[in-house]
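> Kindly generate the corresponding structure for this input.
(one chain, ligands or ions: 1)
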Amino acid sequence: MSHPDDRKDFAAHQVAQSRALGADRDVFNGSTDYMLSIDKYDYSYLWNWMGVPIIQMPADVMATQEVIWETKPDVIIETGVARGGSVLFMASLLELMGHGQVIGVDIDIRAHNRDSIESHPMSRRVTLIEGGSVDDGVLAAVRAEIPEGARVMVVLDSDHSRDHVLAECRAYGAMVTPGCYMVVADTMIGHVEEKEAPLNRSKKWFVGNEPLSALRDYMGECDLFEIDGALNGKLILSSSPGGYVRRK
Ligand SMILES: C[S@@+](CC[C@H](N)C(=O)[O-])C[C@H]1O[C@@H](n2cnc3c(N)ncnc32)[C@H](O)[C@@H]1O
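Numbers count the residues shown, from 1 in each chain. Next comes the predicted model:
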């Protein structure tokens, strides 16, 4: 029995339902409440990528995979390496795709975390740069790693204070090439009031001093990026709803 080729219809249905989901505030608010309840158990700290802790919600791992496959960047810059799972995750995709390099920037790359990354089978696709993500020397070192004409994607996942993320957007936004993405992580905090703010973090962030405010300010001062409504619509149980923006 033959079946009609429904791939286009299936993809269109995915987009329509994702956008509809994104417009459903009740679901989104329920998702935020649920995330705060599971954060008591450090939910986003419970996962590993190929044996190395990745401090992400599973939905964001999938969303990042979609973006990388769709845009096929040559270089992915991530600020905020922590234990290395996210740089290794993105490096794995680049390895499967046969090209590309992840540049991981962190102010504090501890010896054991560097060892996890540098001894990993995906390590050849990772370059580590230690230092503050918006320091001039670090920015120069990052730029020096980007080959001429490379397609560049950026993930900002370091210090989540508004001022720092805004400074990162200004420093790294223009490095993103047209059609590629900038992912501003932890925009979910932009929906969390001070009294609900998680306390199990190095700093306490809540609405007003967080990445979503920074991204809104940045998008207000330059016209480089647009929000991907279909992708962001399905980002419930995600740390970064509204944080996936595409360079025009
Ligand atoms: C949320 S963790 C990163 C998680 C990682 N991306 C992952 O998914 O597994 C934040 C990291 O940002 C780093 N960091 C904090 N402030 C920074 C700064 N000013 N510049 C660069 N890295 C910074 C911290 O050392 C920490 O390792």
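> drop to CA atoms for contacts and neighbour counts, all remaining ones
OK.
> so how far is the ligand from the closest residue to residue 56 other than its chain neighbours?
Of all residues not flanking residue 56 in the chain, residue 44 sits nearest, at 5.0 Å (Cα to Cα, 6 or more residues apart in numbering). Using Cα to the nearest ligand atom, to the nearest Å, residue 44 is found at 9 Å from the ligand.
> which residues touch residue 44?
Residue 44 is in contact with 55-57, counting by Cα atoms under 8 Å, 6 or more residues apart in numbering.
> Listing request: residues of this structure with sub-threshold pLDDT.
Applying pLDDT under 70 to the chain flags residues 199-200, 202-203.
> Near residue 114, how many other residues are there?
Residue 114: 17 surrounding residues under other Cα atoms under 10 Å.
> Tell me the helix or strand right after the helix or strand in which it is found.
Assessed by DSSP states H and E, residue 114 sits inside helix 111-118. Next along the chain after helix 111-118, taking DSSP H and E as the criterion, comes strand 126-130.
> other SSEs contacting whatever helix or strand comes next after that following strand?
Per DSSP H and E, the first helix or strand lying C-terminal to strand 126-130 is helix 136-144. Packing partners of helix 136-144 (3 or more Cα pairs under 8 Å, 6 or more residues apart in numbering; DSSP states H and E): strand 126-130.
> buried set for the strand it packs on?
Neighbour-count burial for strand 126-130, counted by 16 or more other Cα atoms under 10 Å, picks out 126-129.
> same deal with stretch 67-85?
By neighbour count on 16+ other Cα under 10 Å, the buried set for stretch 67-85 is 67-68, 72-85.
> can you map out the strands along this protein?
Taking DSSP state E as the test, the strands found in the chain are 48-49, 52-53, 75-79, 101-106, 126-130, 152-156, 181-184, 225-227, 244-247.
> Please enumerate residues in contact with the fourth one?
Spelled out, that is strand 101-106. Applying Cα under 8 Å, 6+ apart, the external contacts of strand 101-106 come out as 74-82, 87, 90-91, 94, 125-133, 142, 145, 158.
> Try it again at 7 Å.
With Cα atoms under 7 Å, 6 or more residues apart in numbering as the test, strand 101-106 has contacts from 74-81, 87, 91, 125-133.
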